[in-house]
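Engineer: Mind folding the following:
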Amino acid sequence: MYLHLTEEDNTTRYPALNQVTDSPFHLWEDKSKDSSMLTLARGILSDEQFYIIVLFIIYTSQLINICAVIANSLCITVFVKLGFSEPSNISLTALAVCDFTMAVLYTWGNLCSLLTYHNIRLPFHDLNVTFLTGSVHWTFLSSTVAWITAFISFERCLCILFPLKVRRLITPKGTVIAMLIILLLTFCPSFFIYIRYKFVWVFNPYLNVTILNTIPVDSEFAILFQKISVVICGLIQPLLAFSIVLICTVLLVVQLRKISSWRMSVTSAKNQRVQPEESPAASSSAAEARISQKEERLVRMVVAIATIFIMSYIPTYVGLLCDVLFDRFNLFGVYRRLYIVSSYITSLGQPFSGSVNILIYYKMASKFRSVFRRLVRLNRQEQERHELE
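Structural biologist: Residues are numbered from 1 along each chain as shown. Here you go, the predicted structure:
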């Protein structure tokens, strides 16, 4: 529901709404006459350094996000053509949909920042509105991506540890239910942020226009609810999911090495035409290692996806840790410019992770590669047909 504030409300109840912009390019500055305090308030980076670095990162991020949108669109199309009889296709499709949505939300925020930098007047407050329509949902959706990756890694662990029972444990129906539960617990709480903030139409006397802005709801319940949801869904859940992905990836790598060693020993025995005697313990280990080559390729693909996820998300969690440990290193601290630059840099990893998954699928999944090639050929044939007409 949109509200309309009078000019009196703008100047008395919410004076901050009259600020022209609070984008990353136009930060609140300390008006102190003391030059040393002014330098400290601005942080280590100078004005020119800050603008150049942020602008370069935003353009780089925008390019990566466009690649992520295109790549995940192709992934979704290929998985739909492959069908959802395999549980792995369902979870990988859910991962691609989340990566696609994150890339779109991030592109939206970057676009508004770039338009503001080039002095293009927007009909809304760029930072506040994109915070509610993009940044919040993007942050919560990153938790969804983390949990889907954790589920995929855990599923592959079960396939290796219990190869004969896993088909009864992991079914297409169960995978769909798991994806819906993950979505409900991780992404849906982001919409509760609208309990804490509301959209309003505000008259800006400096620009002589009415623009869309947001105001906080001064309610103890809303503030408490926001803090709880951000801590649980924005901090605890991603860290827990990251830990599960890390543990499952280590287990998968160890088990893959056992499988490779067992297959090399079997191949060596066949070449020598001598069957070595195996102890009961070795026979049990070999039985666990006997999974199909198709399953082994899928496990390797999951390990690659999880490894890229871990490498991409580590900088984000390091940034969160620094935010907790250092009081001055935050958006409103004395080193806010350095904080903003580091936040932009660490956030590049997540869209990068979503954009390179298609290369992993194409390299390691033969069915995906086959359908992808047919899809590209069909597109080319249609283009040639249109050109001839």
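Engineer: Could you list the low-confidence segments of the stretch 201-350 of the chain?
Structural biologist: Low-confidence segments of the stretch 201-350 of the chain, defined by pLDDT under 70, are located at 262-264, 266-294, 320-321, 323-325, 327-335.
Engineer: all strands for it, in order.
Structural biologist: Listed in chain order, the strands found in the stretch 201-350 of the chain under DSSP state E, counting those that start in this stretch are 209-216.
Engineer: what about the helices in it?
Structural biologist: With helices called from DSSP state H, counting those that start in this stretch, the stretch 201-350 of the chain shows them at 220-231, 237-272, 280-289, 293-325, 336-346, 349-364.
Engineer: okay, the ones you listed in TSV with distance to Ser135 next?
Structural biologist: Quick note: C-beta positions are derived from backbone N, CA and C, even for glycine. What follows is those, written out as TSV (distance: least, CB to CB, whole Å):
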stretch	distance to Ser135
helix 220-231	12
helix 237-272	15
helix 280-289	45
helix 293-325	14
helix 336-346	11
helix 349-364	13
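Engineer: right, so of those helices, which gets closest to Ile53?
Structural biologist: Closest approach to Ile53 among the helices of the stretch 201-350 of the chain is made by helix 336-346 (5.4 Å; CB to CB).
Engineer: burial measure for Arg167, as a count.
Structural biologist: Under the neighbour criterion other CB atoms under 10 Å, Arg167 is assigned a count of 11.
Engineer: Okay, and it sits in which element?
Structural biologist: Per DSSP states H and E, Arg167 falls inside helix 166-169.
Engineer: Touching whichever helix or strand comes after that helix from outside, list them.
Structural biologist: Moving toward the C-terminus from helix 166-169, the first helix or strand encountered (DSSP H and E) is helix 172-186. By CB atoms under 8 Å, 6 or more residues apart in numbering, the residues outside helix 172-186 that reach it are 84-87, 90-91, 94, 140-141, 143-144, 147-148, 151, 155, 233, 237.
Engineer: what about helix 172-186, average pLDDT?
Structural biologist: In this model, helix 172-186 has a mean pLDDT of 92.
Engineer: tell me the angle of it relative to helix 237-272?
Structural biologist: Between the axes of helix 172-186 and helix 237-272, defined by axes from the mean of the first three to the mean of the last three CA atoms, to 10 degrees, the angle is 150 degrees.
Engineer: avg pLDDT for the helix or strand following helix 172-186?
Structural biologist: Sequence order places helix 193-196 as the next helix or strand after helix 172-186, per DSSP H and E. For helix 193-196, mean pLDDT is 84.
Engineer: before we move on, what about stretch 69-89?
Structural biologist: What stretch 69-89 shows for mean pLDDT is 92.
Engineer: distance between that stretch and the chain's centre?
Structural biologist: In terms of CA atoms, centre = their mean, to the nearest Å, the gap separating the centre of stretch 69-89 from the centre of its chain is 18 Å.
Engineer: which residue packs closest to Ser190, ignoring adjacent ones?
Structural biologist: Phe140 (3.6 Å; CB to CB, 6 or more residues apart in numbering).
Engineer: low-confidence ranges in the stretch 1-150 of the chain?
Structural biologist: Residue ranges of the stretch 1-150 of the chain with pLDDT under 70: 1-45.
Engineer: just the helices in it please.
Structural biologist: Applying DSSP H, counting those that start in this stretch to the stretch 1-150 of the chain gives helices spanning 7-12, 35-42, 47-82, 87-117, 126-130, 136-161.
Engineer: For Thr346, find the nearest of the ones you listed.
Structural biologist: Each of those has some distance to Thr346 by CB to CB; the shortest is helix 47-82, at 10.4 Å.
Engineer: in the closest one, what's buried?
Structural biologist: When neighbours are counted by 16 or more other CB atoms under 10 Å, the buried residues of helix 47-82 are found to be 50-51, 53-54, 57-58, 61-62, 64-65, 67-69, 71-72, 74-76, 78-79, 82.
Engineer: Can you tell me which helices and strands it packs against?
Structural biologist: Taking 3 or more CB pairs under 8 Å, 6 or more residues apart in numbering; DSSP states H and E as contact, the helices and strands that helix 47-82 lies on are helix 87-117, helix 336-346, helix 349-364, helix 366-388.
Engineer: mind putting the ones you listed in JSON lines, mean neighbour count included?
Structural biologist: Rendered in JSON lines, the data for those read as follows (neighbours: other CB atoms under 10 Å):
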{"stretch": "helix 87-117", "mean neighbour count": "21"}
{"stretch": "helix 336-346", "mean neighbour count": "19"}
{"stretch": "helix 349-364", "mean neighbour count": "20"}
{"stretch": "helix 366-388", "mean neighbour count": "12"}
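Engineer: Good, wrapping up.
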